[in-house]
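In: here is a sequence together with a model predicted from it:
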Amino acid sequence: MKRLLLLLVILILTSTITFAMTFPQIVVGGGTECVILITNKSDSIWSANFLVRQGNQNQWSGPLWVSGLDISGLDGFRLELQPFASVKLRLVGGSQLNSGYIEADTDMGSSNLGVAVSFFYNFYNATGHLTDSVSIPASVFSDIEYLFPVERSAAVDTGFAWCPGLLKGPWDVVLTLYREDGTVFQTKTVTFSGHEAQFFAQLFEGVPADFLGMMRIESEGFIHVAVLRIEYTDSGFQYAGAAADNFIP
C-alpha cells in the first residue's frame, strides 16, 4: 500500500451525487469479494469520493474492508490517483453475504471519462479456492430506459440489479418481457424503491421453464442497471456479465 501512487482516505461523506460513475451491484461476504481496477488516463490528478450504498441511497450496513482498511459504519472512502497511475481496490465483507452499490463522485476537474475501470466479482468455495471470476461493466450515466436479452432453462438464468441514479425513489417502472419472436409475453408496473437484485422471471407470472427473449425497463426516474447471466455446471456455476443497452432506436 505504501508504494501506491494514490491517497486512500477513510471519510464521512455528505456530498450529493449528480452523474456519478456507478457500480450497480457489489456483493461481498460469504465467499464473495469485489475487485475494482482503476487507471488514470489523464496527465492530471484524478480524484473522487466513493460512496458505498444500499437500498435507496442509504449508508452501507455491515462489515466492509477496502484494500485492508475497515470502512464499516462510514459513508465510503476517497481516492486520489496520480497521472497515468493505477490502483487495485479489493472489497471484502464478513461471513454473511451482503450487497449494495457504489457511486464514485468525481471532484471538480476530474472526469469519469478520464479513467479506465475494470470491475470483477470473485467467488471462493468453502476451502478458500477461487471458483469463478466475472467482469461487470461500470455505469457512467444513469438512464430511464434499458433493453437486454434474457434466457432461462434448467442450466441457465438471467439476473439483473438496479440502483438509484440522480434522485431517490420511489417511482413507477414499467417492465415488458418479449418472447423470442418479438411478441410481448407480459407487461407489468412495479415500484422502484432502491437497490435490488433478482432474476427476471421473479418479476413476471408464468414464465416458462425454457424461455428466450428480451426485457425492457422504462423508468420514471433515472437508474443504473447491471445484468448477470448464470450457467449451472456439474462443478457449480459460471457467471458472465452482460450489458444493458440504453439506446432505444
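Out: On my side now, so go ahead. Numbering: from 1, shown residues only.
In: how is this protein carved up into domains?
Out: 6-135, 143-242 (automatic domain parsing).
In: got CSV for those domains, with mean neighbour count too?
Out: Where C-beta positions appear, they are placed from N, C-alpha and C, glycine not excepted. Below are the domains of the chain laid out as CSV (neighbours: other CB atoms under 10 Å):
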stretch, mean neighbour count
domain 6-135, 17
domain 143-242, 16
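In: pick out the shakiest of these, pLDDT-wise.
Out: Lowest mean pLDDT within those: domain 6-135, a mean of 87.
In: pull the longest strand from this structure.
Out: Longest strand of the chain, by residue count under DSSP state E: strand 211-233.
In: neighbouring strands of it in the sheet, and parallel or not?
Out: The strands that strand 211-233 pairs with in its sheet are strand 143-152 (antiparallel), strand 156-164 (antiparallel), strand 171-178 (antiparallel), strand 236-242 (antiparallel) (by DSSP bridges).
In: for N112, grab phi and psi.
Out: Note on N112: its backbone torsions stand at phi -60, psi -30 [degrees, to the nearest 10].
In: quick one: contacts for it?
Out: For N112, the contacting residues are F19, A20, M21, A104, T106, V140, by CB atoms under 8 Å, 6 or more residues apart in numbering.
In: again, only using 6 Å
Out: M21, V140 (CB atoms under 6 Å, 6 or more residues apart in numbering).
In: how close does it get to W46?
Out: Look at N112 and W46: by CB to CB, to the nearest Å, they are 10 Å apart.
In: repeat that for L147.
Out: Distance from L147 to W46, by CB to CB: 32 Å.
In: got it, and Q57?
Out: In this view, Q57 and W46 are 24 Å apart by CB to CB.
In: likewise C163?
Out: 23 Å.
In: I26 now?
Out: As judged by CB to CB, I26 and W46 stand 21 Å apart.
In: do the same with G221
Out: G221 is 29 Å from W46, by CB to CB.
In: repeat that for G31.
Out: 32 Å.
In: repeat for L74
Out: For L74 relative to W46 (CB to CB), the value is 22 Å.
In: please state the offset of stretch 130-145 from the chain centre?
Out: Distance of stretch 130-145 from the chain centroid (CA atoms, centre = their mean, to the nearest Å) equals 5 Å.
In: since that was my last question, I'll sign off now.
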